[in-house]
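# Whatever this is, show me its structure:
(one chain, ligands or ions: 2)
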Amino acid sequence: ENFATAFIHGGSTKCVFQPDIRNNIDCNLYKREPRTATRLFSTSPSFSDRSKINKSNSKRTTELRAATGIPLTSSPSIVPSSIDDSNDGGLGVLFLNLGGPTTGDDVEEFLFNLFADPDIIRLPGPLAPLQNIIAGFIAKRRAPKSRAAYDSIGGGSPILKYTNAQAKLLSESFKEKYNMPIKTYVGMRYWKPYTEDALEQIRRDKVKALVILPLYPQFSISTSGSSLRVLQEDFSKRSYGDMVHTVVPSWYDRPGYVKAMSNLIQTEVDSFTDSEKAQAKNNAPNLAPIHVLFSAHGVPKSYIEAGDPYQKQMEKCIDGIKAKLYETNSPEDLTIHLSYQSRVGPIEWLRPYTDDVLPELGESGVQNLVVVPISFVSEHIETLEEIDIEYRELAEESGVSNWRRCPAPNTDPTFIADMADMVYEALNEPAQTVTETCIANNIEGIDLEALDDSVAVSAGGVGGVGADGDLFKIKP
Ligand SMILES: C=CC1=C(C)c2cc3[nH]c(cc4nc(cc5[nH]c(cc1n2)c(C)c5CCC(=O)O)C(CCC(=O)O)=C4C)c(C)c3C=C
Ligand SMILES: [Fe+2]
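Ligands and ions are numbered 1, 2, ... in the order given. Below you'll find the predicted structure:
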């Protein structure tokens with residue numbers, strides 16, 4: 001009988017495998033060649049190269065505009081003439097997203113792809129070659145719990161459906177606003193259509209100018225950073241002819257996005273009846289009658305300590321939406337909170353945790369609550385299952401009687417129109433390459449040793465999920 005126990009916790013790492021355990025892990029189980037665990041931004045220019053980057057920016061912007069036919073003046077009313085309607089070799093937009101399993105049968109392979117990503121679990125140097133084996137263990141162990149969650153929302157993730165709809169609407173909106181055809185590509189990090197497949201299509205289409213748009217408003221190493229690393233690797237290996245590209249690294253503070261979010265929230269706020277508000281005031285006279293809880297996706301705290309800009313961007317994003325909401329609501333009527341959800345394992349993630357805050361709110365007398373998913377722009381497992389089912393139950397058990405959940409931006413017209421503007425503006429601003437984006441997001445300052453340690457902790461955490469605390473056991 002084979003038995004393996006791996007302890008990966010804190011800075012110290014012990015990994016014990018029975019000699020023949022590897023024979024039981026079929027790494028070919030997953031059709032896709034697992035990616036090698038290379039470091040993110042390993043080829044980034046050093047900090048001292050920044051001035052060179054700045055000097056080269058304006059030249060590339062000119063190239064980018066020339067490739068698309070966009071005039072050098074940035075007036076949206078000027079219609080370029082050099083773009084033909086078939087868009088052959090013209091302008092492309094690449095959406096980067098996470099992806100999700102299409103059916104329950106895909107869940108384990110999807111989880112393997114996720115845990116094989118060194119930006120999700122980064123093992124310390126000597127263990128790095130075992131990344132795929134460890135990812136296989138963890139995926140197998142987590143799959144039943146994860147699959148049950150996907151089953152409860154219909155068996156698969158709706159991410160692709162929403163992303164495709166957003167892509168279609170973006171090209172329509174872009175054409176309408178700027179009278180330019182634009183071809184959209186969807187590249188998922190952990191499921192089909194993979195980023196590599198989208199890049200292949202971009203090469204085949206001989207796209208001349210590419211705007212790269214991660215569908216995460218706030219930048220994190222674990223999301224946009226991870227997808228950009230795939231691009232960095234691909235761009236360093238394959239030729240794209242004379243294609244020029246620019247990245248929109250984060251867009252959490254764009255007025256259009258902030259407006260779209262505040263509109264969606266306001267609709268939920270307006271749905272509380274006068275009697276619901278009066279009852280809440282009666283129940284807790286010192287509290288506002290309506291509370292809004294932004295539930296952002298969490299990341300391990302150690303990512304932030306290693307330089308991930310995610311938390312700062314999240315706080316600024318919430319400040320922006322809050323300011324917009326307080327243009328029409330008084331603080332006496334509406335209180336706003338922020339917490340972090342979806343942590344995996346026993347390590348410290350960003351606090352406060354949503355599953356701590358919800359009972360606190362309920363127990364303090366809050367009755368009317370709007371929960372707002374932020375960090376992501378379409379419905380997915382964590383809105384439809386974690387928030388709508390698990391968190392709702394938790395809130396209602398502790399006294400929140402009138403629960404509302406704000407929808408993700410999905411295909412909201414204000415949001416889509418803003419994305420079209422974002423693409424247009426990206427073509428008129430200094431171009432930022434994939435590598436430059438990584439530098440601009442403070443990645444060059446990251447203490448990789450600290451990151452190694454921290455992610456070793458998160459590896460232990462992931463393994464411990466639904467299992468034995470901070471250790472995981474794999475029994476064949
Ligand atoms: C273990 C580490 C993880 C980090 C760090 C992390 C960051 C992170 N994730 C999202 C958005 C999504 N994640 C989704 C699924 C998902 N994420 C993790 C782990 C980490 N995420 C796991 C194990 C899973 C699989 C589901 C599960 O078993 O719980 C999804 C859902 C995709 C879908 O199919 O619908 C999204 C979206 C963000 C924004 C983020 C950091 C900011
Ligand atoms: Fe996640």
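# Which residue is the nearest non-sequential neighbour of the residue in the chain positioned nearest to ligand 1?
Ranking the residues of the chain by distance to ligand 1 (Cβ to the nearest ligand atom) places Gly100 first, at 2.3 Å. In short, each C-beta sits where N, CA and C put it, glycine included. Nearest residue to Gly100 in three dimensions, chain neighbours excluded: Ser157, at 2.4 Å (Cβ to Cβ, 6 or more residues apart in numbering).
# which residues are there in the stretch 151-300 of the chain that come within reach of ligand 1?
Contact residues, the stretch 151-300 of the chain versus ligand 1 (Cβ under 6 Å from any ligand atom): 157, 159, 216, 220, 222-223, 297, 299.
# ugh, wrong one, I meant the stretch 301-450 of the chain
Residues of the stretch 301-450 of the chain lying near ligand 1 by Cβ under 6 Å from any ligand atom: 310, 344, 375-376, 380-382.
# So which of these wins on neighbours?
Tyr310 (27 neighbours; other Cβ atoms under 10 Å).
# per-residue confidence for that residue?
For Tyr310, the model assigns a pLDDT of 97.
# which residues touch the residue nearest to it when sequence neighbours are not counted?
With Cβ to Cβ, 6+ apart as the criterion, Tyr310 has its nearest non-adjacent residue at 3.9 Å, and that residue is Ser220. Contacts for Ser220 (Cβ atoms under 8 Å, 6 or more residues apart in numbering) come out as 299, 303, 308-310.
# Ala420 too?
By Cβ under 8 Å, 6+ apart, the contact set of Ala420 is 170, 173-174, 177-178.
# low-confidence ranges in the chain?
Within the chain, the stretches with pLDDT under 70 are 1-89, 442-476.
# Scan it for its longest helix.
Counting by DSSP state H, the longest helix found in the chain is helix 131-152.
# What is it packed up against?
When contacts are defined as 3 or more Cβ pairs under 8 Å, 6 or more residues apart in numbering; DSSP states H and E, helix 131-152 sits against strand 4-9, helix 107-115, helix 448-464, strand 472-474.
# One more pass at 10 Å, please.
When contacts are defined as 3 or more Cβ pairs under 10 Å, 6 or more residues apart in numbering; DSSP states H and E, helix 131-152 packs onto strand 4-9, helix 107-115, helix 381, helix 448-464, strand 472-474.
# ok and it relative to helix 107-115, angle-wise?
Here the directions of helix 131-152 and helix 107-115 differ by 130 degrees (axes from the mean of the first three to the mean of the last three Cα atoms, to 10 degrees).
# and helix 131-152, which residues are buried?
131-143, 146-147, 149-150 (16 or more other Cβ atoms under 10 Å).
# Please give the element, helix or strand, for the residue lying closest to Asp421 once chain neighbours are set aside.
Residue nearest to Asp421 in three dimensions, not counting chain neighbours: Gly256, with 6.2 Å by Cβ to Cβ, 6+ apart. Counting by DSSP states H and E, the element that carries Gly256 is helix 255-270.
# follow-up on the earlier one: run through the buried residues of helix 131-152 and flag the ones next to ligand 1.
Okay, of the buried residues of helix 131-152 touching ligand 1 (Cβ under 6 Å from any ligand atom), that's 142, 146.
# For the helix or strand following the helix holding Gly256, buried residues please.
The element immediately downstream of helix 255-270 (helix or strand, assigned by DSSP H and E) is helix 274-283. Buried residues in helix 274-283, counted by 16+ other Cβ under 10 Å: 276-277, 279-281.
# then the helix or strand following helix 274-283 to CSV, C-alphas only?
Using DSSP H and E, the helix or strand that follows helix 274-283 in sequence is strand 290-297. Provided in CSV are the C-alpha atoms of strand 290-297 (Å, rounded to 0.1, in the frame of the first residue of the first chain):
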residue,chain,number,x,y,z
ILE,A,290,-28.7,49.8,4.6
HIS,A,291,-25.2,48.3,4.5
VAL,A,292,-23.1,47.5,1.5
LEU,A,293,-20.3,44.9,1.8
PHE,A,294,-17.7,44.7,-0.9
SER,A,295,-16.5,41.1,-0.9
ALA,A,296,-13.2,41.2,-2.8
HIS,A,297,-11.3,38.0,-3.8
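# Tell me how far the helix or strand following strand 290-297 lies from the chain's centre.
Next along the chain after strand 290-297, taking DSSP H and E as the criterion, comes helix 301-305. Its chain's C-alpha centre and that of helix 301-305 lie 16 Å apart, by Cα atoms, centre = their mean, to the nearest Å.
# and helix 301-305, what does it pack onto?
helix 310-328, helix 448-464.
# so what does whatever helix or strand comes next after the longest one touch, helix or strand wise?
In the C-terminal direction, the helix or strand that comes right after helix 310-328 (DSSP H and E) is strand 334-341. Here strand 334-341 touches helix 255-270, strand 290-297, helix 310-328, helix 354-364, strand 368-374, going by 3+ Cβ pairs under 10 Å, 6+ apart.
# report the angle between the axes of strand 334-341 and strand 368-374?
Using the same axes, to 10 degrees, the direction of strand 334-341 lies 50 degrees away from that of strand 368-374.
# Show me how far strand 334-341 is from its chain's centre.
With Cα atoms, centre = their mean, you get 19 Å for strand 334-341.
# Same question for stretch 362-382.
Worked out by Cα atoms, centre = their mean, stretch 362-382 lies 17 Å from the chain centre.
# in it, what's buried?
362, 365-382.
# what do you get for stretch 349-361?
Applying 16+ other Cβ under 10 Å to stretch 349-361 flags 349-350, 353-355, 357-358, 361 as buried.
# got a markdown table for those residues, with distance to Leu114 too?
Putting these into a markdown table (distance: Cβ to Cβ, whole Å) gives the following:
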| residue | distance to Leu114 |
| --- | --- |
| Trp349 | 16 |
| Leu350 | 19 |
| Tyr353 | 21 |
| Thr354 | 21 |
| Asp355 | 21 |
| Val357 | 26 |
| Leu358 | 26 |
| Leu361 | 31 |
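# tell me which of the residues you listed is nearest to Tyr340?
Set against Tyr340, the nearest of those by Cβ to Cβ is Leu350 (4.2 Å).
# Could you report the separation of the residue nearest to Tyr310 from Ile133?
Noted for Ser220: a distance of 26 Å to Ile133, by Cβ to Cβ, to the nearest Å.
# ok, Arg238 - contacts?
By Cβ atoms under 10 Å, 6 or more residues apart in numbering, the contact set of Arg238 is 196, 199-200, 203.
# Looking at the buried residues of stretch 349-361, spot the one nearest Asn164.
Distances from Asn164 to the buried residues of stretch 349-361, taken by Cβ to Cβ, are shortest for Thr354, at 28.9 Å.
# Now go through the contacts of Ala420 and say which are in strands.
Among those, none falls in strands (DSSP state E).
# from those residues, which would you call buried?
Of these, these count as buried by 16+ other Cβ under 10 Å: 170, 173-174, 178.
# mind checking how far Thr328 is from Pro300?
On the measure of Cβ to Cβ, Thr328 and Pro300 end up 37 Å apart.
# Kindly report the same for Ile318.
Distance of Ile318 to Pro300, given as Cβ to Cβ: 20 Å.
# Between these two, tell me which one has more neighbours.
Pro300 (24 against 21).
# Just confirm the more buried one contacts Gln311, I think it does.
No. The pair Pro300 / Gln311 is not scored as a contact, 11.2 Å apart, by Cβ atoms under 10 Å.
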